[in-house]
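**Student:** missing the sequence, but the structure's below:
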């Protein structure tokens, strides 16, 4: 053990930097763990060590930003720095790697150590990988869910029922929360919707909402706002509601996986922690969606319902059409524009409207707001009467945005490229993954103007030379890359047409 | 893309530090990859990004030490910094996670990206975990081996045969390389022995050798020294021979795994790259060794022989007794002392002498230095005649150590604790893993005086009150922890004795 003065390092990273000499005294090497303790104030965290010979002098230690979020040191505080024990949770991760079933306590320790960053990225990834390959049974999913709820904040509402919804990912343009939440709230139910940023998609609901209003709030703020306005649309990652999920997502991200057990647990943990009584799960089914077949969708639905029962929550699932994008737009500004236009009274696109009122309708029926089979009609009435738009303005306002915003305010990116049909025919295939990948290459969701507008949808006819879809980007080099990517992927197939390449004469130089 | 001035950061870490503003311009977030390019000099590396608002000003970027080992920048160089593509190797890792077989090219790309740090620790760990759980078949092991050889330096010797040996780990006190290498070299064969530092053990051969002489040399130096002295004992991690292995070991370390495929590949890749023609593999078999049963040992032996054949190398394997430690000593100074004493002529410990001459004898027979069945006798003659000691001094000298060193120069740690038999009986069990764990808790291999001396070995009788084993440490707090650990683990069992706890009256306060 060594006593060291703290020095804050404004670098968004985990860990502490020790002088090599102090590291030697403590008996640690790069990558080892230390405990940093100040007994007087009861401050105590674990951190990973990197060493330096020059930047931090002997007697001092540097604290990276993310570690100091937990330690709350100021420059010049004195701490005891000592060798930390290897976390026992690593043995339980190994157990899962070896295909064995974890107990409730074992799962809980793993989740606690993931949340407190006591596990290295490699160690946490091994848990994800082991669970992905060997699977989690329903008991383990329940333990994981309970641990995720227990390691974060919870909402407790003054009145019930609390409604929530979740869409399983994989379908581009699925902006329905921007309609479902205001419809449900306008119908007199409370819906504290926490949503995610895009992980593998072109824009998560939080990314979309963020161009309308701030989305980062504490759990307490989410609760207060929901009590007032009936609904919110916030980023779950900022709330400390089931924070384990956001960490797990980071470790899953490189592999574009969303392991069944983790998905069940992360969806339901957020709903449970948010205080939900009634949950509607939208399960898009399609060859390129996360759920490929109806049978698979039904099985997942039963698992969601089973998991809900284990926590006293009523779950209903809607298997929805996931072969094509929802609506015409993919990408942040494009999707927000489309959703707002529907709230403002547009009668198109039908796929977006029908899906939104169906999901909201199920919630109304579950809550007893309408008779069985009449929920969608109620939802439609709320949408077409303008009540949903008024509620959305209220939600935008309470979250700190400008309620006077209109769909026409949202513009796609400055650089665009139209892909035209070389022959007349019907659109027979629309590849979700390829569309998402092109939108991401164009800059979505980071660049809010980036995305794709589908001028034609599956089943529609197109004349020779008519535009099939348009790519948008905010930066010149991004559109160049996206076009190249589209040439390789060919996301839209017109019957009778061999799109072996997008001819280069369709390239329209950007306006300077 | 942004042009930035470089600033070196003397922190032993991967990555670059960008000002948040520059990160925004490039379009990267924390954890994303950038390419750093200086086209004039052809410098080009990938690195992971962390961001800061203050430490690095706009227009500048910080380079951590390990990244600059590849980039070779000096302060103030100008580089283009741009968004890097996601490595394709991640898709192949995913493929292995999904239980599919990798091709030669896919494996090679993964290994190249591990060696060049293009994969994050999490991504690399997923490869390890996926391979561990789903396994690698012999073709994949061959591809992995070839990739490991190809991504590092190779030795080419002027004369042949070149001999090498390897001991599979898991048995404490297995210091036989310190005897086998000088015996083989004294017998007129060349043995460029690269060895490892302790990973999960109490002291790797490199840790032991390092108290006798420097062990960090380039591949070229290893070759030159071996040409002169016939043998060396160096740390493989410094040579750039099969460097992928050292990275893989780091990712395996937390889980104490040594996956079969990776083990086969890493052992053979080092031998192939070191130019070996004849390889002896020591496979200790024991309930707590890595290989539990004779059948498992034979299977592994056949796989080593098969893998050797795929690369034109002759392999013989020795299944050895792995139920108990080799010799009496565990820990750096204790083991070196024991090995040197045998070279100096001690007739004990028998287990160490017999094992060493058996392994060296197999090498002599394979190389035609002795008739079949006569190798061990030749090895024994070389050992007892003092030729092995003379050769060891030559090896120590050529590596830059003091050749006049004697076994009596090596002392165990200042703090010690004797565990005594509460009743008379026979030693019926000696738990390898527990012994290693206690030795590590006492500070091995980092603290060179730390370790365990086995006053009694399996099968020996002990009188009431006689010492069964002694724990040594260099630091007071380490021996305290080791004693506590020994109380829990009870590594040595005496027949008829119920060691439910080590009574506290056996605690001898350390000399102040």
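**Tutor:** Okay, I see it. Worth saying up front: this structure is predicted, and the values here are computed from it rather than measured.

**Student:** the residue nearest to residue A:137 when sequence neighbours are not counted - how many residues pack around it?
**Tutor:** Closest residue in space to residue A:137, ignoring its immediate chain neighbours: residue A:101 at 6.5 Å, by Cβ to Cβ, 6 or more residues apart in numbering or on different chains. Heads up, the C-betas are built off the backbone N, CA and C, glycines and all. Residue A:101: 15 surrounding residues under other Cβ atoms under 10 Å in any protein chain shown.

**Student:** tell me the average confidence for stretch A:153-168?
**Tutor:** The average pLDDT for stretch A:153-168 rounds to 94.

**Student:** do stretch A:111-125 as well
**Tutor:** 91.

**Student:** repeat for stretch A:42-59
**Tutor:** Mean predicted lDDT for stretch A:42-59 stands at 85.

**Student:** also stretch A:434-441?
**Tutor:** Rounded mean pLDDT across stretch A:434-441 is 92.

**Student:** report the distance from it to the chain centre.
**Tutor:** 17 Å (Cα atoms, centre = their mean, to the nearest Å).

**Student:** so does it get close to chain B?
**Tutor:** No: applying Cβ under 8 Å from any Cβ of the partner chain, one finds stretch A:434-441 out of contact with chain B, separated by at least 10.2 Å.

**Student:** which residues sit against that stretch?
**Tutor:** A:172, A:200-203, A:325, A:330-331, A:450-452, A:471, A:478, A:481-482, A:485-486, A:489-491 (Cβ atoms under 8 Å, 6 or more residues apart in numbering or on different chains).

**Student:** quick one on the thing from earlier: the residue nearest to residue A:137 against residue A:138, yeah?
**Tutor:** No: if you go by Cβ atoms under 8 Å, residue A:101 and residue A:138 don't touch, sitting 11.0 Å apart.

**Student:** how about the secondary structure of residue A:4?
**Tutor:** Here residue A:4 is recorded as strand under DSSP: H, G, I helix; E, B strand; the rest coil.

**Student:** same question for residue A:101.
**Tutor:** Classification of residue A:101 using three-state DSSP returns coil.

**Student:** and the pLDDT at it?
**Tutor:** On pLDDT, residue A:101 comes in at 97.

**Student:** contacts only, for it.
**Tutor:** Counting by Cβ under 8 Å, 6+ apart, residue A:101 has contacts A:137, A:139, A:140.

**Student:** between these, which sits nearest residue A:90?
**Tutor:** For the contacts of residue A:101, the minimum distance to residue A:90 (Cβ to Cβ) is 17.7 Å, reached by residue A:140.

**Student:** out of everything not next to it in sequence, what's closest to the closest one?
**Tutor:** Nearest to residue A:140 is residue A:102, by Cβ to Cβ, 6+ apart, at 5.6 Å.

**Student:** the one you found and chain B, how far apart?
**Tutor:** Per Cβ to the nearest Cβ, to the nearest Å, residue A:102 is found 15 Å from chain B.

**Student:** next, count neighbours for that residue.
**Tutor:** Neighbours of residue A:102 under the rule other Cβ under 10 Å: 23.

**Student:** if we can go back for a sec, next step: the contacts of stretch A:434-441 restricted to strands.
**Tutor:** With DSSP state E as the criterion, strands contain A:330, A:451, A:452, A:471 from among the contacts of stretch A:434-441.

**Student:** report the contact partners of the second one.
**Tutor:** Just to be clear, that refers to residue A:451. A:202-203, A:329-335, A:412-413, A:439, A:442, A:444, A:471-472.

**Student:** which residues touch the strand ranked longest in chain A?
**Tutor:** Secondary structure assigned by DSSP E gives strand A:43-52 as the longest strand of chain A. With Cβ under 8 Å, 6+ apart as the test, strand A:43-52 has contacts from A:14-20, A:23, A:28-38, A:62-63, A:67, A:70-73, A:79, A:84, A:116-118, A:120, B:10-13.

**Student:** domain ranges for chain A, per the record?
**Tutor:** In the domain annotation for chain A, the residue ranges read A:2-83, A:89-135, A:163-401, A:412-506 (automatic domain parsing).

**Student:** between those domains, which one is nearest to residue B:304?
**Tutor:** domain A:89-135 (23.7 Å).

**Student:** could you work out the end-to-end span of that closest one for me?
**Tutor:** 18 Å (Cα to Cα, to the nearest Å).

**Student:** quick one: distance of it to the chain centre.
**Tutor:** 22 Å.

**Student:** which ones are touching the residue of the stretch 401-512 of chain A found nearest chain B?
**Tutor:** Proximity of the stretch 401-512 of chain A to chain B (Cβ to the nearest Cβ) peaks at residue A:446, 6.0 Å away. Residues near residue A:446 by Cβ under 8 Å, 6+ apart: B:27, B:29.

**Student:** mind running it again at 10 Å?
**Tutor:** Residue A:446 is in contact with A:198, A:203, A:207, A:332, A:440, A:474, A:478, B:24, B:27, B:28, B:29, counting by Cβ atoms under 10 Å, 6 or more residues apart in numbering or on different chains.

**Student:** between the residues you listed, which is nearest residue B:159?
**Tutor:** Using Cβ to Cβ, the contacts of residue A:446 come closest to residue B:159 at residue B:28, 53.2 Å.

**Student:** any idea where the strands of the stretch 151-300 of chain A begin and end?
**Tutor:** With DSSP state E, counting those that start in this stretch as the criterion, the stretch 151-300 of chain A has strands at A:163-167, A:191-195, A:231-235, A:278-285.

**Student:** the longest one to strand A:163-167, inter-axis angle?
**Tutor:** With axes from the mean of the first three to the mean of the last three Cα atoms, to 10 degrees applied, the angle from strand A:278-285 to strand A:163-167 works out at 10 degrees.

**Student:** what does the stretch 51-200 of chain A have sitting close to chain B?
**Tutor:** Counting by Cβ under 10 Å from any Cβ of the partner chain, the stretch 51-200 of chain A comes close to chain B at A:51-56, A:62, A:64-66, A:82-83, A:85-87, A:90-91, A:93-94, A:96-99, A:119-130, A:132-134.

**Student:** skip the chain neighbours and tell me the closest residue to the most centrally placed residue in chain A.
**Tutor:** Taking Cα atoms, centre = their mean as the criterion, residue A:196 is the residue nearest the geometric centre of chain A, at 2.6 Å. Nearest residue to residue A:196 in three dimensions, chain neighbours excluded: residue A:204, at 4.5 Å (Cβ to Cβ, 6+ apart).
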